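Asks: Sequence below, structure please.
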Amino acid sequence: MKKIVPFTKDLMFKTKIGEITSIALDNTLKLDTGFVSGEFIVSGTYKLLEESQIEEEFKYNIPVDITIDSKYDTSNCVVSIDDFSYEIINEEKLKVNISVMLDDLDIKEDPIETIEVEVSNELDDLNRESDTKDILNDIDSELSNLAIGSNNVAINNEITINNNEDNKATFEDELLDNMSNEKEYSIYRVYTVREDDTLDLIYEKFGTNKETLMDYNDLDNISVGSKIIIPSSDE
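Replies: Numbers count the residues shown, from 1 in each chain. Predicted structure coming up:
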């Protein structure tokens with residue numbers, strides 16, 4: 001992922017600017033955990049009058065501090081100058097426009113909650129439901145720690161915006177009902193939907209498909225923060 005950070009700075013000259021005859025941009029930018037700091041170094045030569053043969057030198061150091069949102073992983077990030085331009089505003093003012101590129105930013109992934117459930121092939125539907133309730137009671141304390149919050153962001157127009165305050169109340173019942181179907185799995189993963197997720201990305205990430213997840217989830221009402229049951233036969 002790339003991020004462009006623009007900067008604009010007016011440089012005030014002590015003498016008149018007739019013509020910029022040369023200009024260069026250097027920098028001392030360094031990436032640290034959560035921020036970029038350093039300086040832009042703008043230097044060159046100019047004439048007091050366009051018709052003058054005498055050139056004067058100039059050099060300006062511009063401090064830079066860029067704070068990077070904590071949701072990004074910067075371990076592979078590369079900092080570079082994306083664009084540089086300038087214009088003479090009046091006889092004493094030079095405006096410079098500089099864009100910094102932050103490349104290879106990654107969004108940190110939320111941990112995936114995994115619940116392992118053993119299902120006996122010999123249980124009839126009634127006994128299976130009874131044993132599953134016992135299993136859910138054992139994992140209730142872990143489920144209560146799953147983050148459920150109100151949402152105000154749609155996911156690429158594929159997931160409807162909903163308030164999920166009642167998700168925890170219905171999640172255990174949904175897991176219980178869906179585990180009672182004829183398909184049997186050894187592992188049920190519980191995944192919390194994040195802001196940048198789409199259903200297609202979730203299918204690809206867990207090696208599943210829409211038909212399988214529809215047996216365990218109401219995919220028409222998934223939103224940011226929703227819990228999705230993902231069955232797997234992997235041991």
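Asks: can we go C-alpha only for contacts and neighbour counts from here?
Replies: Noted.
Asks: And the pLDDT at residue 34?
Replies: On the pLDDT scale, residue 34 is placed at 81.
Asks: Where do the domain boundaries of the chain fall?
Replies: 3-107, 113-232 (automatic domain parsing).
Asks: Can you flag the weakest of the ones you listed by average pLDDT?
Replies: Of all the domains of the chain, domain 113-232 has the smallest average pLDDT, which comes to a mean of 63.
Asks: Quick one: residues contacting residue 28.
Replies: By C-alpha atoms under 8 Å, 6 or more residues apart in numbering, the contact list for residue 28 reads 38-40.
Asks: among these, who's most crowded?
Replies: With neighbours taken as other C-alpha atoms under 10 Å, the top of these is residue 40, carrying 18 neighbours.
Asks: With adjacent residues omitted, what lies nearest to residue 38?
Replies: The shortest distance from residue 38 to any non-neighbouring residue, by C-alpha to C-alpha, 6 or more residues apart in numbering, is to residue 29 (4.3 Å).
Asks: so the one you found sits right up against residue 62, yeah?
Replies: No. Counting by C-alpha atoms under 8 Å, residue 29 sits too far from residue 62 to count as a contact (11.0 Å).
Asks: what's the overlap in contacts for these two?
Replies: Residues touching both residue 29 and residue 62 (C-alpha under 8 Å, 6+ apart): 39-40.
Asks: So for those two, which sits in the more crowded spot?
Replies: Counted by other C-alpha under 10 Å, residue 29 and residue 62 do not tie: residue 29 has more neighbours, with 19 against 13.
Asks: The more buried one and residue 107, how far apart?
Replies: Separation of residue 29 from residue 107 (C-alpha to C-alpha, to the nearest Å) stands at 22 Å.
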